[in-house]
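Student: Sequence plus predicted model, see below.
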Amino acid sequence: MRVCVIGTGYVGLVTGVCLAHIGHDVICIDNNEEKVKLMKSGQSPIFEPGLSELMQAAAKDGRLEFSSDLAAGVNHGEILFIAVGTPPLPTGESDTRYVEAVARGIGANLNDGYKVIVNKSTVPIGSGDWVRMIVMDGIKERQKVLVGAGGVVSDEEVEKIAAEFDVVSNPEFLREGSAVYDTFNPDRIVLGSNSEKALSMMEALYTPITQRKYAEDPSLPPVPVVKTDINSAEMIKYAANAFLATKISFINEVANICDRVGADVTQVARGIGLDSRIGSKFLQAGIGWGGSCFPKDVSALIHTADDYGYEAHLLKAAVSVNQRQRLIAVEKLQQELKILKGKTVGLLGLTFKPDTDDMRDAPALNIIEQLNRLGTKVKAYDPLVSQTGLRHGLTGVIVETDPERLADGCDALVLVTDWAQFLTLDYAKMAKLMHSPILIDGRNFLDRKAIEAGGFRYVGVGR
Ligand SMILES: NC(=O)C1=CN([C@@H]2O[C@H](COP(=O)(O)OP(=O)(O)OC[C@H]3O[C@@H](n4cnc5c(N)ncnc54)[C@H](O)[C@@H]3O)[C@@H](O)[C@H]2O)C=CC1
Ligand SMILES: O=C(O)[C@H]1O[C@H](OP(=O)(O)OP(=O)(O)OC[C@H]2O[C@@H](n3ccc(=O)[nH]c3=O)[C@H](O)[C@@H]2O)[C@H](O)[C@@H](O)[C@@H]1O
């Protein structure tokens, strides 16, 4: 099928590349010319395991193109994905201006022939109808321009074009760092629409994936396709992220109680996670959830509830537990070192999770800010940030090029991101380079015994 994906961030680029890989004819559009230039040269603007290889192969096979020309993209695609960002506004609500610009642009360029317009971006509930309205506005604006220029686009023609598109909500559930894997091995595909025609085109689009043709385990039963109305599909996305974030806040709260009563949250998590009603995933206690989506999506859902006269107490509590948890490492440093002014702390990891270069709403940022406020010198080593030299506008932190330089002269280390590389560092050597070999394991990631054998005092979260 002919597909156009508009917006080449994590979601758009991974969607476009994976759809090309399974045989569709894809054009990816972005209004950032620099990005388009980079992608045309075969380079991925984001770090995502496996993505570059698939991207280069699909481009070589002629199934994947990049452009900044929206009109060309709209003309090409039978299915048009909107995958631009929906960042949070200071109020917590979602900033939909990029979706609006794209929807208007689609309308202004819609041509003959049926099109499915897909909301892949995470958008506030009710956005399906809103996108339809904006696309219609775009069509009308074009009509005005054409009429002004002596063209002849009649009202009937506008109605005809309008009748020839449907809007589908198709929320995305991929995780950064395993985005390609998640795309080929989804737990479900959610499609929200009231149009049978649009739904059947979307089902056909995803058939190779739902039939597990590209799955790690092709013998699994087909991927469930959940077909709903548009509002419910949009709500599924928010509810899923809000549930996962709340689950992490729950285990973090349990961890804080464990710290006080002398229990070990890692053992508790295993003990409760084996209950199939609870499940073992997303029970890793630590310094809290971050990233580009959990914080913004939970806030947006709280905001939506508020708009409709409902106070979302539980979600607000999940956020407030998380805000406190973000600084738990600083509390632990104070317990260990007492006065932090004039001390040097080294952060192992900066990104909000491993296998990504994304620093959006990373807990490291709060830790750096708070330590700076307390007069502490902060250094950091991150496998990706240190290597790529990408500083992401980081201030108040010296980015070191290797773990031993990081340890040199530190009063304590804090493991911020659970990068696999951190399991095999030479901790004995690092301990010798430090003023005081203290390690706060903000992700309960390391083997306490091995770290202690290396000469460190080990402090976990809730263990
Ligand atoms: N990052 C993630 O892991 C996930 C994100 N989502 C949702 O997907 C959406 C996209 O998120 P990301 O990929 O992280 O976004 P992003 O912020 O990384 O990328 C957005 C891209 O859209 C482009 N763009 C903005 N306006 C444009 C326009 N008018 N025309 C063409 N391109 C335009 C930007 O240049 C940028 O390349 C958001 O709604 C997010 O909540 C959903 C699931 C996972
Ligand atoms: O909407 C989105 O953008 C995506 O948000 C999350 O994906 P992502 O943010 O990439 O990363 P996660 O693996 O979910 O981790 C989020 C945060 O929670 C933290 N986390 C995760 C799991 C856990 O047990 N404990 C924990 O503290 C991570 O360190 C990270 O800071 C969801 O998992 C995806 O399904 C969703 O598509």
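Tutor: Noted; the coordinates are in hand. Ligands and ions are numbered 1, 2, ... in the order given.
Student: Number of residues surrounding the residue lying closest to Lys140 once chain neighbours are set aside?
Tutor: In space, not counting the residues next to it along the chain, Lys140 is nearest to Val158; the distance is 6.2 Å by C-beta to C-beta, 6 or more residues apart in numbering. Glycine gets a C-beta too; all of them are placed from N, C-alpha and C. Taking other C-beta atoms under 10 Å as the criterion, the count of residues near Val158 is 17.
Student: So this structure: which segments form each domain?
Tutor: Domain assignment for the chain, taken from automatic domain parsing, gives 2-228, 237-324, 326-459.
Student: quick one on the thing from earlier: residues contacting the residue nearest to Lys140?
Tutor: Residues near Val158 by C-beta atoms under 8 Å, 6 or more residues apart in numbering: 136, 139-140, 143.
Student: And those, which of them are buried?
Tutor: Among those, those scoring as buried are 136, 139-140, 143 (criterion: 16 or more other C-beta atoms under 10 Å).
Student: so which of these are also by ligand 2?
Tutor: Among the buried ones among the contacts of Val158, no residue is within reach of ligand 2 (C-beta under 6 Å from any ligand atom).
Student: These into a markdown table, with extra columns for secondary structure and pLDDT?
Tutor: Formatted as a markdown table, the entries for the buried ones among the contacts of Val158 read as follows, by DSSP: H, G, I helix; E, B strand; the rest coil; pLDDT from 0 to 100:
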| residue | secondary structure | pLDDT |
| --- | --- | --- |
| Met136 | helix | 93 |
| Ile139 | helix | 91 |
| Lys140 | helix | 88 |
| Gln143 | helix | 77 |
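Student: Of these, just say which sits nearest to Ser249.
Tutor: Proximity of these to Ser249 (C-beta to C-beta) peaks at Met136, which lies at 41.0 Å.
Student: The closest one contacts Ala108, doesn't it?
Tutor: No. Met136 sits out of contact with Ala108 when judged by C-beta atoms under 8 Å, with a separation of 11.0 Å.
Student: Quick check, pLDDT for Leu390.
Tutor: For Leu390, the pLDDT comes out at 60.
Student: State the number of residues packed around the nearest residue to Leu89 once chain neighbours are set aside.
Tutor: Closest residue to Leu89 in three dimensions, ignoring its sequence neighbours and counting by C-beta to C-beta, 6+ apart: Asp95, at 4.9 Å. The local packing count at Asp95 equals 16, with neighbours defined by other C-beta under 10 Å.
Student: which helices and strands does the helix or strand that contains Met202 pack with?
Tutor: Taking DSSP states H and E as the definition, one finds Met202 inside helix 196-210. Secondary structure elements in contact with helix 196-210, counted by 3 or more C-beta pairs under 8 Å, 6 or more residues apart in numbering; DSSP states H and E, are strand 79-82, strand 115-119, strand 165-169, strand 189-192, strand 225-228.
Student: What residues does the stretch 151-300 of the chain have near ligand 1?
Tutor: That would be 172, 174, 176, 292-293, which are the residues of the stretch 151-300 of the chain within reach of ligand 1 (C-beta under 6 Å from any ligand atom).
Student: ok, of those, which one's closest to ligand 2?
Tutor: Compare each of these with ligand 2 using C-beta to the nearest ligand atom and the shortest gap goes to Cys293, at 2.8 Å.
Student: Let me see the contact set for the residue lying closest to that closest one once chain neighbours are set aside.
Tutor: Closest residue in space to Cys293, ignoring its immediate chain neighbours: Asn241 at 6.0 Å, by C-beta to C-beta, 6+ apart. Residues touching Asn241, when contacts are defined by C-beta under 8 Å, 6+ apart, comprise 122, 293-294, 297-298.
Student: can you check Gly271 too?
Tutor: Gly271 touches nothing, counting by C-beta under 8 Å, 6+ apart.
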